[in-house]
Every structure is written in structure tokens, then in C-alpha cells.
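Undergrad: build me a model:
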Amino acid sequence: MPPRKRPPASSTAAPDSPLNPATHRGPFLDYLRAECGMAANTINAYSNDLAQFLTWLEGRKVRSLSQIDLQLLSAFLDELHSRGLAATTIARRLVGIKMFFRYLVLEGVVAESTAELLSSPKLWQYLPTVMSPEMVDRLLAAPGPHDSYPLRDRALLTVLYATGCRASELTGLRLQDVRLDESYCRCLGKGNKERIVSLNPVAVLALETYLNRERPGLVGHRDTDAVFVTRTGRPLSRVMIWHLVKKYAARIGCSRQVSPHTLRHSFATHMLAGGADIRALQEMLGHASIRTTQIYTQVEHSRLKAVHTKCHPRG
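TA: Residues are numbered from 1 along each chain as shown. All right, here's what the predicted structure looks like:
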């Protein structure tokens with residue numbers, strides 16, 4: 001979060017600090033956009049999480065910020081746990097609440113953030129879903145002549161796995177970002193951070209075939225520079241990409257948990273298994289923190305342990 005001078009504030013929150021979302025929620029989202037430089041998808045997620053939190057407070061007849069204490073915040077987390085939400089979902093919602101209170105501190109609305117006393121749910125047991133290289137090959141080969149746009153779909157799946165890009169990054173991919181002659185493309189990640197991602201020969205061939213043989217018919221006379229487009233020439237959305245991955249994953253008998261992010265997880269895990277340096281992998285994935293990338297070392301260790309247990313005579 002960018003440093004900013006904190007305005008003078010008293011040692012306790014003002015007793016009538018209004019909780020009205022119209023007063024604080026809108027400016028908070030503007031702060032995330034303008035000062036923190038967060039991506040639109042991240043801001044939308046925080047906005048939805050905060051709206052649910054404020055609705056929950058209203059249901060408990062909490063009328064002012066001064067009423068929000070550690071006990072109340074803990075009760076909200078307990079409520080999320082009781083819904084059976086994943087630890088990662090709860091952790092993200094807690095981050096949104098913490099950032100909201102940090103913003104209130106910066107604005108002098110409250111003197112200190114009670115939310116900082118809360119600890120995130122333990123995530124060490126969470127390991128991302130990863131496909132085997134063989135299963136990935138089957139997924140990439142799943143689009144066929146009976147599908148509406150097999151060349152587009154094969155190129156889409158191939159680029160997801162070849163680069164480790166997020167679905168949202170592929171929706172923003174433009175023709176001028178793709179350099180097939182040099183086997184790379186530029187993508188815009190979280191926080192509008194640009195990075196270069198490499199394209200392997202399989203991805204280059206799939207993209208070249210799609211761009212030359214199928215995309216012109218989809219675009220027609222529409223003036224668009226989006227790489228992946230719908231049948232009407234509009235850019236594919238994240239939801240559309242999600243549905244396409246689900247469709248082909250189901251076709252080859254994959255788990256229902258497979259999503260575009262599964263290909264990102266598989267890319268990272270397979271790169272580490274092949275000897276990639278974790279710092280280089282961090283740059284490829286566009287992670288701000290190395291700690292986010294380190295989760296993939298746990299995945300690889302878990303895989304090796306499973307192989308050892310299965311294959312060792314005393315396993």
C-alpha cells in the first residue's frame with residue numbers, strides 16, 4: 001500500500017463515526033483504484049466482500065464504526081466458517097476488511113484498526129489443484145472438428161498452460177502484444193503491471209493457426225484488436241474462458257474443480273519440477289511476493305512424497 005501521511009486522529013474512534021456505506025465504501029474503492037493501483041477484478045472482489053460485511057453488521061444493528069470491536073469481527077469470521085467457506089476465501093475477505101480499516105485510519109475516521117488484531121485462517125493445508133503433464137496434453141487436444149471454434153479453443157488452452165497467465169490477462173491480450181516471431185507476448189497483470197511471458201513452439205503454432213484461419217471469420221469487419229474473440233468478434237470474457245476450460249475438462253474426465261487457474265497452477269508446478277528457479281517463476285507468474293510462489297514448492301514436495309509412498313518397497 002503506498003505510503004501516505006496520516007492526518008491527526010484521537011486515540012479512540014469518534015463515538016458517532018458513521019457506518020453508512022455511501023460515506024466510506026465509495027471513497028475506499030476509489031482509493032484502491034487511484035492510490036493502490038489495483039486491478040478492476042480485485043476491486044470488485046473487495047467491493048462485494050465489504051458489502052457483505054456491512055450487510056452483516058446492519059443485521060446485528062451495528063450503527064457506528066465505534067461499535068466494531070474484536071469480538072464482533074471474530075463473530076463475523078465464525079459466521080464465514082459456519083457457511084463452509086474455504087480458508088482462502090475467508091482470508092481474502094479478511095484482507096478486504098483490514099484494508100478498509102487501514103483506509104479509515106489514513107482518513108482520520110478512526111484512530112486505529114481493530115481488524116489488525118485478527119489473524120488470517122491457516123492456509124498451510126491448502127494446496128492448489130494440479131494436473132499431470134499427461135492430463136494437460138489430453139486437455140489441449142480435446143477441442144475437435146465437432147466444436148464450433150476448435151482452433152480458438154485449442155490456442156486458448158495452449159496459451160494458458162504455456163504462459164501461466166490468468167484468465168483475466170488473456171481477455172486483455174491484444175494483437176500488438178503477441179510476437180510470434182520472437183515467441184513471446186506481453187500481458188497486463190494485477191495492479192496494471194506489465195510482464196513478458198514466453199510462448200513455447202506448441203503455443204506459437206496453435207496461435208498462428210487460429211489467427212490465420214479462424215479469427216478473421218469471427219471478427220469480420222469489426223474493428224477489434226483482442227486476440228481471443230467470440231463468434232460476434234467481441235473479446236472473450238473471464239466467464240466465457242472459465243466455461244470453455246470446464247467444458248473440455250469434463251470431456252476428458254477431469255475433476256469438476258479444474259478451472260483456468262488449474263492450468264496456471266500446473267504450469268508453475270511443472271516448471272519447478274523441471275528445475276526452474278523460484279525467483280524466475282515468481283516473475284513469470286507476476287507474483288508481488290515470493291511467498292505466493294512458494295506454495296508451489298509445497299505442491300511439488302507433496303507430489304514427490306506420494307510417488308515415494310507408492311513406489312518405495314517400504315512405502
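Undergrad: what's downstream of the host helix or strand of residue 209, the next helix or strand?
TA: Per DSSP states H and E: residue 209 is located in helix 201-213. Following helix 201-213 in sequence order, the next helix or strand is helix 215-219 (DSSP H and E).
Undergrad: now the helix holding residue 209: buried residues?
TA: Buried residues in helix 201-213, counted by 16 or more other C-beta atoms under 10 Å: 203-204, 206-207, 210-211. Heads up, the C-betas are built off the backbone N, CA and C, glycines and all.
Undergrad: against which helices or strands is it packed?
TA: Under the contact criterion of 3 or more C-beta pairs under 8 Å, 6 or more residues apart in numbering; DSSP states H and E, helix 201-213 touches helix 150-163.
Undergrad: relative to helix 201-213, how tilted is the helix it packs on?
TA: Helix 150-163 runs at 150 degrees relative to helix 201-213, counting by axes from the mean of the first three to the mean of the last three C-alpha atoms, to 10 degrees.
Undergrad: contacts for the following helix or strand past helix 150-163?
TA: Using DSSP H and E, the helix or strand that follows helix 150-163 in sequence is helix 167-171. Helix 167-171 is contacted by residues 39, 41, 156, 159-160, 187-189, 226-228, 235-238, 241-242, 260-261 when judged by C-beta atoms under 8 Å, 6 or more residues apart in numbering.
Undergrad: one more: stretch 243-263?
TA: 128-131, 135-136, 138-139, 142-143, 153, 156-157, 160-161, 164, 166-167, 170, 236, 238, 241-242.
Undergrad: quick one: pLDDT of the residue nearest to the spatial centre of the chain?
TA: Closest to where the C-alpha atoms of the chain average out (C-alpha atoms, centre = their mean) is residue 166, at 6.7 Å. Looking at residue 166, its pLDDT is 90.
Undergrad: assign a three-state SS to the closest residue to it other than its chain neighbours, would you?
TA: Once flanking residues are discounted, residue 166 sits nearest to residue 264: 6.4 Å by C-beta to C-beta, 6 or more residues apart in numbering. For residue 264, the assignment made with DSSP: H, G, I helix; E, B strand; the rest coil gives helix.
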